[in-house]
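Enquirer: next one to model:
(one chain, ligands or ions: 1)
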Amino acid sequence: MKKILLIATGGTIASRETEHGLRPALSAGDLRAAMGVKDAAVETLDLLSLDSTNITPTHWERIAQCVAGRRQAHDGIIITHGTDTMAYTAAALYYMLEHIACPVVLTGAQRPLGMEGSDAEANLRLAARAALSGHSGVMIAFGGRIIHGNAAKKIHSRADDAFRSIGRAEIDLNEAPIPPSAPFHLNETLERRVAVLRLYPGMSPDAVTSCIRNGCRGIIIEGYGLGSVPTGDAEESFLPALQLAYEAGCTVVLTTQCIDGGADIRRYEVGVRAAELGVLSGGSLPIEALYALLMQRLAEQPEGRPLRSLESIAQ
Ligand SMILES: NC(=O)C[C@H](N)C(=O)O
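Expert: Here you go, the predicted structure:
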């Protein structure tokens, strides 16, 4: 008989109403029955009971270690999780659990299990299908979609169909699984000194310099369009701050605020000038995955040396 491990971490799926609003209350055992799995054994584990707003990189490391330690005893692993930061956790696990051979499936719900019209059951059933599919790698099962762990974005705050796959096709469970191309490796730690800045018209480049002064080793700037920052034609250019970052050994990645289409900073002068100062392009990754990837890559990079490329992550 096949075996699934169900790890609960909290989220709306496991929440109940309190006088201060929804709060996680259900255990993995409470969620198990709703999966409707009859042809596999489901083991449960209560790892966390948090609204995903309160999940941090320290929790990602705990989840990754837990999955790494148990992966060989199970055909698939399901992680129930709040939807608000699920895309970040999925991306972190995607880069930490490199070449994992079993499916690691994150799921959750927009309304608690047991509430009328809840999407919890349908998502748990979809997650169970993915966990028993023979596919490998970290993925999100939600609203009828299966999305690679480094491509997910929550695009709706209320609707059942809340996630989209960005820059990468969704997973089709009916297609033949592709086994991992290399042996499993756990990337155990993540660099915390990474900041994400969202550009807006009139923003001061002091936002970048203060990150450098605070010891950041990586800065992601969510610029406009294909990835751009104000240059010499603007009231205040970002280029001196980017030069300062490079000299301080800080890796700067320039990406886009657009949801789809990705960044290509070599097209317009407002991106090229940044690239000339060592700034890297965010490519097709959504910000959630870019953040996790930069944290993982910088954990391996010697202090004081900016990364020269993010190409190794091309899908
Ligand atoms: N739908 C949800 O799960 C939202 C919840 N606030 C969470 O992310 O934990």
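
Enquirer: and the residue of the chain found nearest the ligand, what does it touch?
Expert: Residue of the chain nearest the ligand, by C-beta to the nearest ligand atom: Gly82 (2.0 Å). For the C-beta atoms, the positions are set from N, CA and C on the backbone; glycine is no exception. Going by C-beta atoms under 8 Å, 6 or more residues apart in numbering, Gly82 touches 9-13, 24, 50-53, 55, 108.

Enquirer: mind doing that once more with 6 Å?
Expert: Gly82 sits next to 10-11, 51-52, 108 when contact means C-beta atoms under 6 Å, 6 or more residues apart in numbering.

Enquirer: those: which ones sit near the ligand?
Expert: Subset of the contacts of Gly82 in contact with the ligand: 11, 51-52, 108, counting by C-beta under 6 Å from any ligand atom.

Enquirer: ok, and the most crowded of the residues you listed?
Expert: Gly11 (32 neighbours; other C-beta atoms under 10 Å).

Enquirer: farthest pair in the ones next to the ligand among the contacts of Gly82?
Expert: Asp51 and Gly108 (10.9 Å; C-beta to C-beta).

Enquirer: okay if I get the ones next to the ligand among the contacts of Gly82 as JSON lines plus pLDDT?
Expert: Shown next, in JSON lines, are these (pLDDT from 0 to 100):
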{"residue": "Gly11", "pLDDT": "98"}
{"residue": "Asp51", "pLDDT": "98"}
{"residue": "Ser52", "pLDDT": "98"}
{"residue": "Gly108", "pLDDT": "98"}
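
Enquirer: in helices, which of the residues you listed fall?
Expert: Among these, no member is found in helices (DSSP state H).

Enquirer: those residues into CSV, with extra columns for distance to Thr44?
Expert: CSV is the format used below for those (distance: C-beta to C-beta, whole Å):
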residue, distance to Thr44
Gly11, 15
Asp51, 20
Ser52, 19
Gly108, 16
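
Enquirer: among these, which one sits closest to Gln72?
Expert: Out of those, the member with the shortest distance to Gln72 (by C-beta to C-beta) is Gly108, at 25.8 Å.

Enquirer: how much space between that closest one and Arg308?
Expert: 37 Å (C-beta to C-beta, to the nearest Å).

Enquirer: quick check: domain ranges of this structure?
Expert: 2-186, 194-300 (the TED database).

Enquirer: ends of the last one, what's the gap?
Expert: Across its full length, domain 194-300 reaches 14 Å end to end, with C-alpha to C-alpha, to the nearest Å as the criterion.

Enquirer: what mean pLDDT does stretch 66-82 get?
Expert: For stretch 66-82, mean pLDDT is 98.

Enquirer: got a list of contacts for stretch 58-65?
Expert: 89, 92-93, 96-97.

Enquirer: would you mind naming the helix or strand containing Val252?
Expert: Using DSSP states H and E, Val252 sits within strand 251-256.

Enquirer: which parts of the next helix-or-strand element following that strand are buried?
Expert: Sequence order places helix 269-275 as the next helix or strand after strand 251-256, per DSSP H and E. By neighbour count on 16 or more other C-beta atoms under 10 Å, the buried set for helix 269-275 is 270-271, 273-274.

Enquirer: each with direction, which strands does whichever helix or strand comes after helix 269-275 pair with?
Expert: Downstream of helix 269-275, the next assigned helix or strand under DSSP H and E is strand 280-281. With DSSP bridges as the test, strand 280-281 is paired with strand 251-256 (parallel).

Enquirer: all set, thanks.
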